[in-house]
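[1] Just to be clear, the model below is a prediction. Sequence and coordinates:
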Amino acid sequence: MPIVYLVLRAVEADGQTVRELVFRTRNLRLLGNTLALGGAVIVLSTLIALPLAWLTTRTNLRGRFVITLLAILPLSIPGYVVGYALLGLGSPEGPLRSLLGIQVPAVGGFLGATLALVIYNFPLVYLHLRTAFVGLDASLVDAARSLGHSPAGAFRRVVIPQLWPAYLSSVLLVSLYVLGDFGVVSLMRFETFSYALYSQYIASFDRVYAAWLALMLLAITTTLVIAEFRLLRDLALERSGLGAQPEGREVRLGPWSAAAFAFVAAVALVSVVVPVWSILYWLGQPGAFADGSEIVRSLFGSLRVSAPAAALATLLAVPIAYLSRRFPGRVSHVLERSAYIGYATPALTLALGLVVVVLRATPWFYQTAGLLVFAYTVHFLAQAIGPVRAGLHVATPRVEEASRSLGFGPVATFRRVTLPILKPGLVAATTLVFLSCIKELPLTIILAPLDFETLALNVYGHATEALFAEAAPYALTIVLLSALLTSVLFRKAGEA
Amino acid sequence: MISRKLSTLAAMAFVAIAAAGCGKQEQAAQTETPATETASTTPAQAGGTLVLYSGRSEDLVEPVIKLFEQTTGVDVQVKYGSTPELALTLREEGERGQADVFWAQDAGALGAIARAGLFTQLPAGVADSLPASFRHSGGLWTAVSGRARTLAYSSKLDASQLPASVFELTEPRFKGKVGWAPANASFQSFVTALRRTQGEDKARAWLEAMKANGTHSLANNVAVLQAIARGEISYGLVNHYYLLNFKKSEARFEVAQTFFAAGDAGNLVNVAGVGILRTGRNAAAAESFVRFLLSPTAQQYFASEVSEYPVTNGVITNEHMLPLSDLTKIAVPVTLDDLDDLDGTLALLRAVGLL
C-alpha cells in the first residue's frame, strides 16, 4: 500500500529530473554514510547484547531479572531524549560532570548517531538472542563436550548456529531501523538516506523527490530482507530432544562475576542512567510540575492504541511465522516479507500513504483510534515476527506430529504443544511492539484522532519548545510504564 | 498545571481589559484604522466545531484556543504536530481534507499550502489593515505573531563593542566569539533573507567567512544563550524570545540583546500565521477564529505570555521588545513570499559544510 503511494508520487516526475535525482553523486555519499552507520550499529549492538543475553540466561549471575529489565528499558526511552542526553553529555551541566566529575568531548555526527542508535537497538538484539538462549537445546552442548570439544569450541560449533536465526532476525530489524530512522540522525546531523528524505520533505514539501529517495531506500531494504531469507532458508535447527527440554547447566561465574557486573554497569550507565538522569535533571528545573489529570489522560491515550497494537501484532505474527516455517511457500513468504517492508518504510512516508489511501477508500476510518492501531500494527509487525520465528526455529515439528498421532487435533496440538514452546517469543514480541508504539511519533501525529493525547505527543510537544521541564513528567511516565509492563510480562512468563 | 492555566486565563482576562481600554484611548486620540474596529468587535457567535491543524505547540496556543471556545461556544478540535508534517498531511488530504484552519509556525509552510491551492481567500476586513509584510500578497493567509532575529551578547560588554551589521561579525575582533545554530529553522530563514537581499555569492562568502572566523555551531538557540551566559562566547545570532523566557525565570541571566542597524539582514522578522482551508466544513467558525487571533485580546496574549511580537497596533509590548511600528522600520526589507526557498538555503548550508 505505501509502495503504491510512493510509485504514484514518483511517476509525477519527468524523466530528466529523475535521472538527475537518482544518479547524482550525493546519493553515493548518502549510501556510504547509511551503510557505515548500519554496520557500526550492528557490530556494537551485538557486542553488547550477546554477553548480556548469555549472562542473563546461562549463568548464575545474581540480579538477572533486574539486568534483563535494564537491557530492555532503553527501548522505551524516546529517541530524542537519548539524543538530547548524549548531546548534553559534553556540556558542563551534563551528568558525567556533575556525578563523576569527568568532562568528555561533545558527541555528534557519526559517533553520536551510532551511540544513540545502539542504545535503542541493542535491546532488540538482546531480546532475540535471549529468546534463542532460553530455547537452546543444552543437550547438544553436552553432546559436543562429550565428543571432546572445549567449552569455546562447543559454543562456536553448537550454540552459535542455534542462535543464528534469531540473531539474523534481529540484525534485519536493526538494519531496517537504522535505514528508516531520521529522528536521531537529524539531531546528530549525520546525513543518511532517511535524513535526506526528511529534509527534502520539510525543505520544499517536495513529495516527488522524497518519493524517489524512499523508493531507493526500499530497494536497499528489500535486498536485505531477501538476503536474510536466503541465509535462513536451508537451516534446520530443530531440537533433537523429544519435547522435554533439558535444563542447561548454569555456568558458575565465580570471580568473573565482578567483571560481569562491571560490564552490565557500564552498559546501563550509558543506556539507562544517562537518559533517565536527563529526565530527572529536567524534572528538577522550574516549571516541571505536572497536571495529574493530563498525565492520566495521555497515559490512557497511549494505552488505548499501544496495547491493542501490541496484541494484534503478536496475534498476526504467530500464523505468519508458523506458516512460513512449517509450510514454506510463495504465499507465506510474501506475507512475511511484506511485514518487513512495512517496518522498513519510514513512518512519515507510511503515514502519508495511509492518508491518501484511507481518505479514498474508507473515509469513515480516517482519524480514528482504529486507524492508528492498524498503522502501528503494519509498521511494527516485523518486530513481533522475529522473536516468534526464532522460537519456532528451535521447536521441532516432530513433537507436534507426536501430539497429532496421540489423537489431539491441530488446535489442541497448537495450544498444548506449540504455544508453550513459543511463550518466551510471544512475550518478547508483545514487549517489543508495545515499547515501540508507546513512543512512536510520526504515525501518531498524522493519523491520531483530533484532540487525541498520548504521552509521546506530550513529550514531543513540550520538548520542541525547549520546555524540557514540562516534558519530563511525560517522559518519566513512559519509562516507568514500560518498566512495569516489561517486568509483569517477563514475571508472568515465569522465566525471571 | 491547572493552577497555571487558571492564572494564565486570569492574566489574559486582565490584559484583555487593559487592551480594550488602550484601544479606546487610541481611538479617542486618533481615528484608528478600521481593522482595530473590526478586531475589537466580539467575534460572531459561530457555534459548531472547528477543526484546527496546529503546527504550533500546545504550550504556546492552548490558552488562546480555550479563550476562543469560551467566548464563542465553538468546540475547537485540534491536531498538534510539527508544521512540516501537518503541511504534508494537508497536501495529501487535498480535496478530501476536513481541516478548517491551518496554524503554521512559519511562512514557508503557509506558502506551500497556498501554492497547492488549498487556502480560500480570507474574508474582507480580516487582515487588510496589517502591515503588508505580515500578510500574503494574494490575501490567502495572514501572520498572527512575529519573532525577530536579534544579536544576543554578554551583559559585560559595552555598547561600543557591538556590531552594526552581521557583516562585521567576520572581522578579526569577533574571532571565536560568536555562536549560531545552523539547524534552527529561523536561522535558515535568515540565510534565505540574506540570499534574497545580498545575492547568492555574497551570502555564501559571508557564511564561509563566519566559519573561517571560528563561529561556534551549537545545537539550538537555548544552547547559544547558555554559552554566552557561561562566558564561552560573547555574541550569538538567535530569536528574540528565548532570552525573554530566560529572564522570566532568572532575572540576573547575564545576557542582553539588540538589533543591528536599520535594514540589516540580521534584523529578520519571521511570522507564525493562519489560513482558512477551502475544504473546511465550518467557514463561519474559521473566520471568527482568525478574527479572534488578530483581536487585541489574543495579540496581547502573544506579546505578554509568549513574548512574541503582535502584528496589529495597540498592544503593549514587553519592556525588552520594540513597539511594532519601530520593529517594522528596522526590519530587513523582504516580503514573506521571498522566504519560501528553503531548499536553496539548505543546499547552500550543506555546500559550506554547516549542515
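    Done, it's in. Residues are numbered from 1 along each chain as shown, chains lettered A, B, ... in the order given.
[2] now for the strand or helix carrying A:Val356, which elements pack on it?
    Here A:Val356, judged by DSSP states H and E, is contained in helix A:347-361. Secondary structure elements in contact with helix A:347-361, counted by 3 or more C-beta pairs under 8 Å, 6 or more residues apart in numbering or on different chains; DSSP states H and E, are helix A:2-10, helix A:193-204, helix A:207-233, helix A:369-393, helix A:442-447, helix B:83-93. The C-beta positions use only the backbone N, C-alpha and C, and glycine is treated the same way.
[3] Counting neighbours, which bits of the shortest one end up buried?
    By neighbour count, and taking 16 or more other C-beta atoms under 10 Å in any protein chain shown as the criterion, the buried residues in helix A:442-447 are A:Pro442, A:Leu443, A:Thr444, A:Ile445, A:Ile446, A:Leu447.
[4] re earlier: now the helices and strands packed on helix A:347-361 as a markdown table including mean pLDDT and distance to B:Pro131?
    Formatted as a markdown table, the helices and strands packed on helix A:347-361 follow (pLDDT from 0 to 100; distance: least, C-beta to C-beta, whole Å):
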| stretch | mean pLDDT | distance to B:Pro131 |
| --- | --- | --- |
| helix A:2-10 | 69 | 38 |
| helix A:193-204 | 71 | 27 |
| helix A:207-233 | 76 | 33 |
| helix A:369-393 | 87 | 42 |
| helix A:442-447 | 90 | 33 |
| helix B:83-93 | 89 | 23 |
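[5] Identify whichever of those helices lies nearest to A:Arg145.
    Counting by C-beta to C-beta, A:Arg145 lies closest to helix A:369-393 out of the helices and strands packed on helix A:347-361; the figure is 22.8 Å.
[6] Need the contact partners of the helix holding A:Val356.
    Judged by C-beta atoms under 8 Å, 6 or more residues apart in numbering or on different chains, the contacts made with helix A:347-361 from elsewhere in the structure are A:1-2, A:4-6, A:8, A:180, A:182, A:197-198, A:201, A:207, A:210, A:214, A:342, A:345, A:365-366, A:371, A:375, A:378-379, A:440-443, A:445-447, B:85, B:88-89, B:92-93, B:96.
[7] ok, of those, which come out buried?
    Among these, those that count as buried by neighbour count (16+ other C-beta under 10 Å) are A:1-2, A:5-6, A:180, A:182, A:197-198, A:201, A:207, A:210, A:214, A:342, A:345, A:366, A:371, A:375, A:378-379, A:440-443, A:445-447, B:85, B:88-89, B:92-93.
[8] Which residue ranges of the stretch 201-350 of chain B form strands?
    With DSSP state E, counting those that start in this stretch applied, the stretch 201-350 of chain B shows strands at B:216-217, B:235-239, B:255-258, B:269-277, B:309-310, listed in chain order.
[9] Contacts for the second one next, please.
    The contact list for strand B:235-239 (C-beta under 8 Å, 6+ apart) reads B:147-154, B:163, B:166, B:169, B:174, B:177-181, B:184, B:186-187, B:190, B:221, B:224-225, B:227-228, B:257, B:266, B:270.
[10] Among the residues you listed, which lie within helices?
    When these are checked against helices (DSSP state H), the matches are B:Ser186, B:Phe187, B:Phe190, B:Asn221, B:Val224, B:Leu225, B:Ala227, B:Ile228.
[11] so what's residue 180 closest to, chain neighbours aside?
    Picked chain A for this. Leaving aside its sequence neighbours, A:Gly180 sits nearest to A:Pro346 (C-beta to C-beta, 6 or more residues apart in numbering or on different chains; 4.6 Å).
[12] my bad, the chain I had in mind was chain B
    For B:Trp180, ignoring the flanking residues on the chain, the nearest one in space by C-beta to C-beta, 6+ apart is B:Leu237 at 4.6 Å.
[13] for B:Arg135, same thing?
    B:Thr142 (4.5 Å).
[14] How is residue 143 assigned, secondary-structure-wise?
    You didn't pick a chain, so chain A it is. Reducing the assignment to helix, strand or coil with DSSP: H, G, I helix; E, B strand; the rest coil, the entry for A:Ala143 is helix.
[15] Actually, chain B is the one I wanted.
    Local secondary structure at B:Ala143 is given as strand here, using three-state DSSP.
[16] what's near enough to touch it?
    For B:Ala143, the contacting residues are B:Ala107, B:Leu130, B:Phe134, B:Arg135, B:Val271, B:Ala272, B:Gly273, B:Val311, B:Leu336, by C-beta under 8 Å, 6+ apart.
[17] Among those residues, which one lies nearest to A:Ala311?
    Compare each of the contacts of B:Ala143 with A:Ala311 using C-beta to C-beta and the shortest gap goes to B:Ala272, at 40.5 Å.
[18] Who is the closest one paired with across the strands?
    Taking DSSP bridges, one finds B:Ser145 as the beta-bridge partners of B:Ala272.
[19] possible to save the helices and strands packed on helix A:347-361 as a markdown table with distance to B:Arg278?
    Formatted as a markdown table, the helices and strands packed on helix A:347-361 follow (distance: least, C-beta to C-beta, whole Å):
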| stretch | distance to B:Arg278 |
| --- | --- |
| helix A:2-10 | 22 |
| helix A:193-204 | 22 |
| helix A:207-233 | 19 |
| helix A:369-393 | 24 |
| helix A:442-447 | 20 |
| helix B:83-93 | 11 |
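[20] For A:Ser482, find the nearest of those helices.
    Of all the helices and strands packed on helix A:347-361, the one in closest proximity to A:Ser482, counting by C-beta to C-beta, is helix A:369-393 (14.6 Å).
[21] Report all helices and strands that that closest one contacts.
    In terms of contacts (3+ C-beta pairs under 8 Å, 6+ apart), helix A:369-393 is packed against helix A:109-134, helix A:160-180, helix A:292-326, helix A:330-344, helix A:347-361, helix A:419-438, helix A:442-447.
[22] CSV for these, including distance to B:Asp340?
    What follows is these, written out as CSV (distance: least, C-beta to C-beta, whole Å):
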stretch, distance to B:Asp340
helix A:109-134, 29
helix A:160-180, 28
helix A:292-326, 34
helix A:330-344, 32
helix A:347-361, 21
helix A:419-438, 35
helix A:442-447, 22
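[23] Can you check which of these gets nearest to B:Glu208?
    Of all the helices and strands packed on helix A:369-393, the one in closest proximity to B:Glu208, counting by C-beta to C-beta, is helix A:109-134 (20.1 Å).
[24] For the closest one, name the packing helices and strands.
    Judged by 3+ C-beta pairs under 8 Å, 6+ apart, helix A:109-134 is in contact with helix A:25-58, helix A:64-72, helix A:79-89, helix A:160-180, helix A:183-188, helix A:369-393, helix A:419-438.
[25] Thanks again, I'm all set now.
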